[in-house]
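> this is a predicted model, with the sequence first.
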Amino acid sequence: MPAWRLRDFHEDDLDQAVLVWDQSRPPGEQLPVFPVSEVMAAARSGQPAVVAVAGEELVALAVAQAHGERAWVLLIALSARWRRRGIGSALLAELERRLREQGVRRICALLPEGGTGTQALLNSGYGGREGLVYFEKVSHGGAAEAGLLAELGGREQPPGLWEALAGMEREKEVVERRIVLPLAEQELADRYGVAPPKAVILFGPPGTGKTSFAKAVASRLDWPFVELFPSRLAADGEAGLAASLRDVFADLAELDAVVLFIDEVEEIAAVRSGLAVDPGHGVTNELLKLIPGFREHGDRLLVCATNSVRSLDPAFLRPGRFDYVIPIGPPDPVARAAIWARYAGRAAAGVDLDRLVAASGLFTPADIEFAARKGAQAAFEREVLHRQGRPAGTEDYLSAIADTRPTLTPQAITEFEEDIARFTRL
Ligand SMILES: Nc1ncnc2c1ncn2[C@@H]1O[C@H](COP(=O)(O)OP(=O)(O)OP(=O)(O)O)[C@@H](O)[C@H]1O
Ligand SMILES: [Mg+2]
């Protein structure tokens, strides 16, 4: 193995630092007292932060924060392969040197029992104190959280969105059983050994209701909903994209509960081209790296939606990242009838739903919504002109259907069926 050396933490180290941190914590370990966002904020604001590198690879890091004469070691992380070489102690010695220069006299650290760094602290002359209990009070949903949520463009979803999804019984049942129930009944799920889902993919043709499902789940859980638009991430080139993705995830870590929705995820997780310089590759990697950290927090659900599941990077689809890969739509005749009934509104009672269902074979829910509005508009305009008191009728909707180009094609449906066979994981 190559030799290692110490140097200052740089902004560019963030990626690797988070990775080493993730890997240095045994599964099931207590959440750290100092969360990743706090540690990285300290490192970036010039608090003592030192890394160990072997060649290009970052293998360990330690970060501290000084307050007057006291300092806290916020983090000691060490990649598993590089344990037992004195790197931890060397990092501590370097932190200590800097802290003493600032006038710090008492340095303390708070680790999970036996956590990474314990040996380094003991070897460096730190004494453990037994019998202390760590108390903590975190304000949930306070002004800070509301501010953060607003900054992220997040919002609480109104109740009733789930009920507003008409038809789609198959999809609703899957989403209800696999996603909503285990998250809404976490204690019961836990008692039965059901791990609540942390990340899911919804795929299907445009307009079948993927976004609506994600919002409806947030509404059911009463968790805030944050949507991340790949195209709106600060696009300062590849590196800028990765960095803004990271910032969003760091901010999310501060929220109490959240449904994070990434629409058109193929934009940032498309299959790698295999070219030496592959546009998008860095961002895909970034997202892959961020998912494990996201999965560690409670009360979190990542929902990624795509119209093109086949173009996603296979690494992205691997089990362990996403708990379920769920197809959404197109609506079958029963679902179309329910959706027509919903959008024909008060007129529905007098409308021949069967004919509308038959005429709208390749329609998505979004197409039906659109055609229903067009039918209602035509009836309304007729009424303004003629004042006959005639509500929107079957003919109005049928001509609206004739005027609406369906989103689906037989080929798209065949492809979707192939995708269902290949990618669905429930
Ligand atoms: N089951 C449903 N019942 C009633 N309306 C629906 C249903 N599904 C979708 N819609 C409506 O169709 C429109 C499109 O739905 P949505 O945006 O959720 O689809 P999508 O799959 O996310 O589409 P895209 O792939 O284009 O992002 C929305 O206005 C939504 O209200
Ligand atoms: Mg959508």
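Sure, I can see it. Ligands and ions are numbered 1, 2, ... in the order given.

> only C-alpha atoms for contact and neighbour calcs from this point on.
OK.

> sketch out the low-pLDDT regions of this protein for me.
1, 138-144, 234-238, 271-281 (pLDDT under 70).

> let's see 50
By pLDDT under 50, the weakly predicted segments of the chain are 275-277.

> quick check, central residue of it?
The centre of the chain sits closest to residue 302, judged by Cα atoms, centre = their mean, with a distance of 3.2 Å.

> hang on, it packs against residue 198?
Yes - between residue 302 and residue 198 a contact is recorded at 6.1 Å, counting by Cα atoms under 8 Å.

> from residue 315, how far out is residue 239?
Residue 239 sits at a distance of 20 Å from residue 315 (criterion: Cα to Cα, to the nearest Å).

> for beta bridges, what are the partners of the residue nearest to the centre of the chain?
With DSSP bridges applied, residue 302 shows beta-bridge pairing to residue 199, residue 260.

> same check on residue 327?
residue 203.

> burial measure for it, as a count.
Residues lying near residue 327 (other Cα atoms under 10 Å) number 28.

> and what of the one 10 residues further on?
Other residues within reach of residue 337, judged by other Cα under 10 Å, total 23.

> any idea how far ligand 1 is from it?
According to Cα to the nearest ligand atom, to the nearest Å, residue 337 stands 10 Å off from ligand 1.

> quick one: contacts for that residue?
167, 353-354, 356-357 (Cα atoms under 8 Å, 6 or more residues apart in numbering).

> change it to 6 Å
residue 357 (Cα atoms under 6 Å, 6 or more residues apart in numbering).

> near ligand 1, which residues of the protein show up?
Taking Cα under 6 Å from any ligand atom, the part of the chain that reaches ligand 1 is made up of 165-168, 205-212, 307, 339, 365-366.

> can you select the buried ones from the residues you listed in PyMOL?
Only the buried entries of the residues of the chain next to ligand 1 go into this PyMOL selection, using 16 or more other Cα atoms under 10 Å:
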select buried, resi 165+166+167+168+205+206+207+208+209+210+211+307+339+365+366
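
> ok, so of the residues of the chain next to ligand 1, who is nearest residue 247?
residue 211 (23.1 Å; Cα to Cα).

> quick revisit: could you check how far the residue nearest to the centre of the chain is from residue 323?
Distance from residue 302 to residue 323, counting by Cα to Cα: 10 Å.

> overlap in contacts, those two.
Residues touching both residue 302 and residue 323 (Cα under 6 Å, 6+ apart): residue 199.

> do a quick rundown of the strands in the stretch 301-426 of the chain.
324-327 (DSSP state E, counting those that start in this stretch).

> could you check how far the closest residue to ligand 1 within it is from residue 166?
In the stretch 301-426 of the chain, the residue that lies nearest ligand 1 is residue 366 (3.4 Å; Cα to the nearest ligand atom). The gap separating residue 366 from residue 166 is 12 Å, by Cα to Cα.

> next: residue 188.
On the measure of Cα to Cα, residue 188 and residue 166 end up 29 Å apart.

> what's the answer for residue 289, then?
37 Å.

> likewise residue 343?
For residue 343, the distance to residue 166 - Cα to Cα - is 9 Å.

> do residue 35 as well
41 Å.

> likewise for residue 229?
Residue 229 is 26 Å from residue 166, by Cα to Cα.

> buried residues of the longest helix along the chain, list them for me.
The longest helix of the chain (DSSP state H) is helix 365-386. Neighbour counts over helix 365-386 (16+ other Cα under 10 Å) mark 365-380, 382 as buried.

> and what of stretch 55-71?
Result for stretch 55-71 [16+ other Cα under 10 Å]: buried residues 58-66, 71.

> out of those, which sit inside strands?
Under the assignment DSSP state E, the buried residues of stretch 55-71 contribute 58-66, 71 to strands.

> let's have those residues in a markdown table, adding distance to residue 28.
Shown next, in a markdown table, are those (distance: Cα to Cα, whole Å):
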| residue | distance to residue 28 |
| --- | --- |
| 58 | 24 |
| 59 | 22 |
| 60 | 21 |
| 61 | 21 |
| 62 | 22 |
| 63 | 23 |
| 64 | 24 |
| 65 | 26 |
| 66 | 29 |
| 71 | 28 |
